[in-house]
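A.B. asks: model this:
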Amino acid sequence: MKKKIVVSISIVFIFLAAGSNAFSEMTFSGNAGISAMIILPEGGYSENRFEGALNPNNIMGLHDIMPGTDLNIKLSSEGETGALDMWLTIKPFNFPDWELFSSAEGTEPGLYAYAGMLESGNSGITGINIKRASISLYPADYLSVTIGRQDLFTGYGYAWNPMNFAGKRKDIFDPQAELAGTDSVTFSLNAGNIVSLNISGIYEAGGSGSGASGGGTSGSESSVGATSGTGTSAAGIDLHDMGAFAGFTFYFPSVEFSVDGIYYFSKAIESLLGSSSGSSSGTSSGSSGTSFYTGAGAGFMADIMGIGIYGEGAILNASRSSLLATSSKGNPVFNGLGGFQYTFPWETTLTFEYFYNGEGYDLSQRESYYQQIVTLLASGMTAPGSTEGYFLIPGYFSKHYLFLNILQPLYDINSEASLAAIYSPDSYNLMLMPLYRYNISDEISLELGYLGLFSLKDGQYNEAFLFPARHFVSAKVTYSF
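C.D. replies: Numbering: from 1, shown residues only. Down below sits the predicted model:
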């Protein structure tokens, strides 16, 4: 652990030195927050009120009141010849931030990182997360080269982004949260306001399941102290954990259109796709023991009479989900999204989306997932360990989802109020998230929120059924600088 901390601090100082010497003056910004979440048990305050299929013996360390802190620091510098970005986040890995479900996607090292963290009893450990650490060079007006942990996000959706292959997956409970970057080298070409091209080489640290997380498509941040993995093999960097990504964006009056694709291969995906999937799934089971997945996507955004209309679609050679219920991991899948956003004259903003999740599960598969978890518990498993498929991700568990968000600014009282709802018509799962934000001053804000999960029909084995708690009340004070 000490070695990892030293390496991370060294990276910070190297970037600071490079930015101060090569580019313009460094800018410094960020925010610090203190929060508290109250978990409201449905069955009263019994001793086992937080027990559940996904939380045996309360390994998540849930409590009635869960305090939290976080510190986000941004350092940036840009000049005529290049730019530098360094984003750091310091906060505990705890349940209120939904790290276990939203970030540990279970498809790659993120699952093993959080599983190992829980198994070792470190559910409250504080981590230093390097969200961004990149240097950009501008050899020509139309060309830039960026090296390091950077933003590779693609897509137009608010809550979901099927074509976002190389960037981190959004947190369904906070879609506007800033995402960690992806470790890569990117060449960007821009032909004015007509077309842009990005080509990236991606490196996924610790893809063999060493415990490191971050980069690639795992969706989780690289963290110091969360795991014991180093992100490299005994001989150094593991070249089996790399990929290539490319994306075109075309700009027209009132319309934007993008296409992208990825080729990614990793040892971690071996357990996901299976070495016996055959050539139809696009996997390889040679002596190196690697597997890969490929994907192609397209999306658009258009402004039609003041209404923002957008859509995305993506085809993958195989599902990236690793839940136990998966019965056909090697079959191609399609994910699609359509939505619109409109701001009324009185400044209420309405956002609506439909998401088809080809990697989701029908009723029989969700029941199978639950039964297999119960079987594992009956056999004596009390922590996920390296067991594939322990974690599920809200908003990605079923096949169909509807999203609605209503935002109303209240300028007279320096506030804004919003209500978000996510409903799955095939699993009858409903999530409600009202939020009120009051700006005490230009630097200080107060947020009050609620998260509720409801199953509108029995026997659906949905998120509300599986979660160890269903009602959360939160408060957070943030200071921005």
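A.B. asks: ok, how many other residues are close to Ala53?
C.D. replies: Using other CB atoms under 10 Å, the number of residues around Ala53 comes to 20. In this view, the C-beta of every residue, glycine as well, is placed from N, C-alpha and C.
A.B. asks: again with Phe481
C.D. replies: 9.
A.B. asks: ok, the residue lying closest to Glu416 once chain neighbours are set aside - contacts?
C.D. replies: The shortest distance from Glu416 to any non-neighbouring residue, by CB to CB, 6 or more residues apart in numbering, is to Pro409 (4.7 Å). Residues in contact with Pro409 (CB atoms under 8 Å, 6 or more residues apart in numbering) are 347, 415-416.
A.B. asks: Gly360 too?
C.D. replies: Here Gly360 is in contact with 321, 396-400 (criterion: CB under 8 Å, 6+ apart).
A.B. asks: Work out for me the element the residue nearest to Glu416 sits within.
C.D. replies: strand 400-410 (DSSP states H and E).
A.B. asks: buried ones in that strand?
C.D. replies: 401-403, 405, 407 (16 or more other CB atoms under 10 Å).
A.B. asks: in the protein, which ranges drop under the pLDDT threshold?
C.D. replies: Regions of the chain meeting the criterion pLDDT under 70 cover residues 1-24, 92-127, 204-241, 266-291, 322-330, 377-391.
A.B. asks: Tell me which stretches of it form helices.
C.D. replies: Remark: helices assigned in the chain by DSSP state H are 2-22, 109-119, 268-273, 363-378, 463-466.
A.B. asks: picking that back up, let's see which of the contacts of Pro409 end up in strands.
C.D. replies: Applying DSSP state E to the contacts of Pro409, the entries found in strands are 415-416.
A.B. asks: Just the buried residues from the contacts of Pro409, in ChimeraX please.
C.D. replies: Per 16+ other CB under 10 Å, the buried members of these correspond to this ChimeraX selection:
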select :416
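A.B. asks: any idea which of the contacts of Pro409 is the one closest to Leu179?
C.D. replies: Glu416 (22.1 Å; CB to CB).
A.B. asks: My understanding was that that closest one contacts Ile406; is that so?
C.D. replies: No. If you go by CB atoms under 8 Å, Glu416 and Ile406 don't touch, sitting 11.0 Å apart.
A.B. asks: now the residue nearest to Glu416: how far from Ala302?
C.D. replies: 25 Å (CB to CB, to the nearest Å).
A.B. asks: ok, back up a step: turn the contacts of Pro409 into CSV, columns for distance to Arg169.
C.D. replies: Below are the contacts of Pro409 laid out as CSV (distance: CB to CB, whole Å):
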residue, distance to Arg169
Glu347, 30
Ser415, 30
Glu416, 26
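A.B. asks: Flag every buried residue along stretch 445-456.
C.D. replies: 445, 449-453, 455.
A.B. asks: er, stretch 454-467 actually
C.D. replies: For stretch 454-467, by 16+ other CB under 10 Å, it's 455, 460-467.
A.B. asks: Check stretch 25-42 too.
C.D. replies: For stretch 25-42, using 16+ other CB under 10 Å, the buried residues are 31-33, 35, 37, 39, 41.
A.B. asks: So which of those residues belong to strands?
C.D. replies: Per DSSP E, the buried residues of stretch 25-42 map to strands at 31-33, 35, 37, 39.
A.B. asks: now those residues in a markdown table, with distance to Tyr370?
C.D. replies: Converted to a markdown table, those look like this (distance: CB to CB, whole Å):
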| residue | distance to Tyr370 |
| --- | --- |
| Asn31 | 39 |
| Ala32 | 40 |
| Gly33 | 35 |
| Ser35 | 31 |
| Met37 | 26 |
| Ile39 | 22 |
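A.B. asks: which of the residues you listed lies closest to Asp362?
C.D. replies: Of these, the one sitting nearest to Asp362 (CB to CB) turns out to be Ile39, at 30.2 Å.
A.B. asks: Can you tell me which of the contacts of Pro409 is closest to Arg132?
C.D. replies: Closest to Arg132, out of all of these and judged by CB to CB, is Glu416, at 27.0 Å.
A.B. asks: and the gap between the nearest residue in space to Ala191 that is not next to it in sequence and Asp426?
C.D. replies: With sequence-adjacent residues excluded and distances taken as CB to CB, 6+ apart, Ala191 is closest to Tyr142, at 6.6 Å. Shown here: Tyr142 relative to Asp426, a distance of 47 Å by CB to CB.
A.B. asks: And those two? Which one has more around it.
C.D. replies: Asp426 (17 against 12).
A.B. asks: give me every residue that touches the closest residue to the more buried one other than its chain neighbours.
C.D. replies: Nearest residue to Asp426, sequence neighbours excluded (CB to CB, 6+ apart): His400, at 4.8 Å. When contacts are counted by CB under 8 Å, 6+ apart, His400 touches 354-357, 360, 424-426.
A.B. asks: so what's His400 bridging to?
C.D. replies: Tyr356 (DSSP bridges).
A.B. asks: In TSV, list the buried residues of stretch 445-456 along with distance to Thr146.
C.D. replies: Converted to TSV, these look like this (distance: CB to CB, whole Å):
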residue	distance to Thr146
Ser445	32
Gly449	35
Tyr450	40
Leu451	36
Gly452	41
Leu453	39
Ser455	45
